[in-house]
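K.L.:
With the input below, show me the fold.
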Amino acid sequence: MALDGCGLVCKYTLFIFNLIFALVGFAFLGIGLWLRFSNGTRGIFEIEALNSSAFVMAVTVLIALGAVMVIVVVFGDYGACNEKSCALQVFSVLLAILAIADGVVGVVGFSNKDAVGAHIVEFYASMYGLYATSGDPVIGVTLIFIHNMLHCCGVTGVSLLELAKDTCPAPNGFFEKLKMPACPAIILSVFDSKAHLMLGIFIGTGVLLIIALVCTIILLKQTKRNQQEVTAYYSTVY
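P.N.:
The predicted model follows:
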């Protein structure tokens, strides 16, 4: 039996949601795996004393989060496109877990914003040092993104001292040709001043997950109803 209008809207909403989720998940997984196994960074993971560093933890989180997102997308797309109730049930459970985890991480991160900001600065410093010594292109692209987004340049901002100034944005005015804002201070300042915005991003992500969960439940109910109607029809005919 065909889905009604609400079911079709939910089906295509889940398809779009999973498409975006897949792109983000593969990006996280790809960057995480590159940083984990790249020649310039692989040695860090082989040093036991650095296993608790911000860089190692961030890369591990990227790989784990990317893998989880890809797994969620597989169940979501398979269940929504083929109207499989079992896959939709697993997908709904995974969405519920992600929504709860998103809320917990957002609240804990906001409550410990100073410590989180310090870990982000440590992660940036690790990325900067690795690029300065290895010239890894993926790390370079990451630094370019950070530098342009925050309009900062390296750990000092002084053009003559910077080892990765090729990743810095174009200076605004004469004085910035000599010294731009240093990224560690900018990161701490932005994280402190934008903590409420970041909490809002986590809340918004949680809302999107809940909307996807509601659509999944609606589609699951209609799929089960259609399966029951088909079973009843064939039992009547035969």
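K.L.:
quick one: the helices in this protein?
P.N.:
5-37, 54-82, 85-111, 113-134, 137-150, 174-178, 183-193, 195-237 (DSSP state H).
K.L.:
For residue 163, find the nearest of those helices.
P.N.:
Residue 163 lies closest to helix 113-134 among the helices of the chain, at 3.9 Å (C-beta to C-beta). Where you see a C-beta, it was placed from the backbone N, CA and C, and this is true even at glycine.
K.L.:
Select, out of the helices of the chain, the one closest to residue 157.
P.N.:
helix 183-193 (7.7 Å).
K.L.:
and of the helices of the chain, who's closest to residue 168?
P.N.:
Closest to residue 168 of the helices of the chain, according to C-beta to C-beta: helix 137-150, at 5.2 Å.
K.L.:
and that closest one, average pLDDT?
P.N.:
For helix 137-150, mean pLDDT is 86.
K.L.:
Convert it to CSV, retaining C-alpha atoms only.
P.N.:
The C-alpha coordinates for helix 137-150 follow below in CSV (Å, rounded to 0.1, in the frame of the first residue of the first chain):
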residue,chain,number,x,y,z
PRO,A,137,48.3,19.5,2.9
VAL,A,138,45.2,18.4,4.8
ILE,A,139,46.5,20.2,7.9
GLY,A,140,47.3,23.2,5.8
VAL,A,141,43.7,23.3,4.4
THR,A,142,42.4,23.1,8.0
LEU,A,143,44.7,26.0,9.1
ILE,A,144,43.6,28.1,6.2
PHE,A,145,39.9,27.5,7.1
ILE,A,146,40.6,28.4,10.8
HIS,A,147,42.7,31.5,9.9
ASN,A,148,40.2,32.9,7.5
MET,A,149,37.2,32.2,9.7
LEU,A,150,38.8,33.9,12.7
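K.L.:
Buried residues, it. List them.
P.N.:
For helix 137-150, burial by neighbour count (16 or more other C-beta atoms under 10 Å) applies to 138-140, 142-144, 146-147, 150.
K.L.:
Equivalent analysis for stretch 174-185, please.
P.N.:
Going by neighbour count (16+ other C-beta under 10 Å), the buried part of stretch 174-185 is 176, 179-180, 182-184.
K.L.:
Same question for stretch 162-169.
P.N.:
Applying 16+ other C-beta under 10 Å to stretch 162-169 flags 162, 164, 167-168 as buried.
K.L.:
again with stretch 88-95
P.N.:
The neighbour-count check on stretch 88-95 (16+ other C-beta under 10 Å) flags 88-92, 94-95 as buried.
K.L.:
Out of the helices of the chain, which is closest to residue 158?
P.N.:
Nearest to residue 158, of all the helices of the chain, is helix 174-178, at 7.3 Å by C-beta to C-beta.
K.L.:
helices or strands next to the closest one in the packing?
P.N.:
Of the remaining helices and strands, none touches helix 174-178 by 3 or more C-beta pairs under 8 Å, 6 or more residues apart in numbering; DSSP states H and E.
K.L.:
How far does that helix sit from its chain's centre?
P.N.:
Relative to the centre of its chain, helix 174-178 is centred 35 Å away, using C-alpha atoms, centre = their mean, to the nearest Å.
K.L.:
Before I go, just wanted to say thanks for your time.
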